[in-house]
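K.L.:
Let's see this in three dimensions:
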Amino acid sequence: MSPSGKPYKGQHIWLSMKVFVNPVVAALPEHAHLFPEFGCYGGRGDGNIQHRECGTGKEGDKETPLDKSMYPLKLTPEMDQKWETMIKKHIKPAVTSA
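P.N.:
Purely as a prediction, here's the structure:
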């Protein structure tokens, strides 16, 4: 319900998931996982939705480019291995019954 008491449909969310992000908070390293890829629609290249950097392409002048500090992380196999090792150190062994 809206503040006026009338039904309100969040169409901007369920159709295109438009949300507003505080760039200062989102740029913190602990939130880097929130941006795994660029967020602007780039078409359907191989049948799947393709993402592109906002502010580029045919309609790029109508978009706000993402600040470089908020670019998606470029993960490497070494980074994945470090993460897996760290997680394994903090997992409690499963309790088995005899």
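K.L.:
can you tell me the average pLDDT over the longest helix belonging to the chain?
P.N.:
Of all the elements of type helix in the chain, the one with the most residues (DSSP state H) is helix 77-89. Averaging pLDDT along helix 77-89 yields 89.
K.L.:
Same check on stretch 5-23?
P.N.:
Mean pLDDT, computed over stretch 5-23, is 71.
K.L.:
got the end-to-end distance for that stretch?
P.N.:
32 Å (Cα to Cα, to the nearest Å).
K.L.:
can you check stretch 24-41 too?
P.N.:
Termini of stretch 24-41 sit 24 Å apart (Cα to Cα).
K.L.:
How about stretch 29-48?
P.N.:
29 Å.
K.L.:
Give me the residues contacting it.
P.N.:
21, 25-26, 49-57, 63, 66, 70-73 (Cβ atoms under 8 Å, 6 or more residues apart in numbering). Any C-beta I mention is one placed from the backbone N, CA and C, and that applies to glycine too.
K.L.:
residue ranges of the strands in this protein, please?
P.N.:
Using DSSP state E, the strands found in the chain span residues 40-44, 49-52.
K.L.:
mind putting those strands in CSV, mean pLDDT and mean neighbour count included?
P.N.:
Below are these laid out as CSV (pLDDT from 0 to 100; neighbours: other Cβ atoms under 10 Å):
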stretch, mean pLDDT, mean neighbour count
strand 40-44, 81, 13
strand 49-52, 82, 14
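K.L.:
closest to K6 out of those strands?
P.N.:
Evaluated over those, closeness to K6 peaks at strand 40-44, with 31.2 Å, by Cβ to Cβ.
K.L.:
In its sheet, which strands sit next to the closest one, and in what direction?
P.N.:
strand 49-52 (antiparallel) (DSSP bridges).
K.L.:
residues near G39, how many?
P.N.:
Number of residues near G39 (other Cβ atoms under 10 Å) recorded here: 16.
K.L.:
hang on, the earlier thing: what's the spacing between the longest helix of the chain and its chain's center?
P.N.:
21 Å (Cα atoms, centre = their mean, to the nearest Å).
K.L.:
can you offset everything so residue one is 38?
P.N.:
Right, with 38 as the first residue, what we last looked at is helix 114-126.
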